[in-house]
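Chemist: Generate a structure from the sequence data that follows.
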Amino acid sequence: MERAREEYVIIVAGGTGTRLWPLSRQKRPKQFLSIFGDQSFIQTVYRRALKIALQKRVFIVAPEAYSQYLRHYLPEFPLENFMGEPSKKGTTAAYGYTATYIKQLNPEAILHIIAADDYLEDETKYAKAIREAAKIV
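Modeler: Numbering: from 1, shown residues only. As a prediction, this is how the structure comes out:
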């Protein structure tokens with residue numbers, strides 16, 4: 001049985017934000033900071049991801065220790081979609097780890113990979129561009 005070309009989002013949230021020190025610390029990494037308003041980076045990016053894919057198709061990959069932050073900042077996020085990295089091996093490994101899991105769920109999945117600390121001024125334009133890109137895939 002062939003699967004649909006469903007869209008999935010991988011949010012990579014493993015950084016520690018050393019360049020934002022002293023704002024970002026080991027106990028409060030940059031993706032959990034609120035710099036451009038009331039919401040943290042992770043909250044803003046997660047809401048952006050929900051404009052691209054259904055909640056059940058949005059995954060966050062980060063060190064396992066960050067699950068406590070996700071419970072606090074994103075209580076609505078389904079923790080079964082949290083891909084806790086057993087050890088930090090870099091951004092590419094995090095993508096591959098999560099993409100491999102999603103491929104098992106749906107071999108025809110269209111993946112969007114976004115960073116947990118992105119800042120965009122025009123969310124609508126971004127969502128439109130992502131939808132257009134998915135059509136081309």
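
Chemist: so where do the helices sit in the protein?
Modeler: For the chain, the helices defined by DSSP state H occupy 41-49, 67-73, 91-105, 123-136.

Chemist: Make CSV out of those and add distance to Phe82 and mean pLDDT.
Modeler: C-betas here are computed from N, CA, C, even on glycine. What follows is these, written out as CSV (distance: least, C-beta to C-beta, whole Å; pLDDT from 0 to 100):
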stretch, distance to Phe82, mean pLDDT
helix 41-49, 12, 92
helix 67-73, 6, 90
helix 91-105, 10, 87
helix 123-136, 22, 85
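
Chemist: Tell me which of those is the most buried.
Modeler: helix 41-49 (a mean of 22; mean count of other C-beta atoms under 10 Å).

Chemist: excluding its backbone neighbours, what's nearest Pro63?
Modeler: Nearest residue to Pro63 in three dimensions, chain neighbours excluded: Glu85, at 5.3 Å (C-beta to C-beta, 6 or more residues apart in numbering).

Chemist: check contacts around that neighbour.
Modeler: Applying C-beta atoms under 8 Å, 6 or more residues apart in numbering to Glu85 gives the contacts Gly14, Val61, Ala62, Pro63, Glu64, Ala93, Ala94, Tyr97.

Chemist: quick one: which two of those residues are the most distant?
Modeler: Greatest spacing in the contacts of Glu85, by C-beta to C-beta: Glu64 and Ala93 (14.2 Å).

Chemist: quick one: which of the helices of the chain is nearest Ile10?
Modeler: In terms of C-beta to C-beta, the element of the helices of the chain nearest to Ile10 is helix 91-105, at 4.8 Å.
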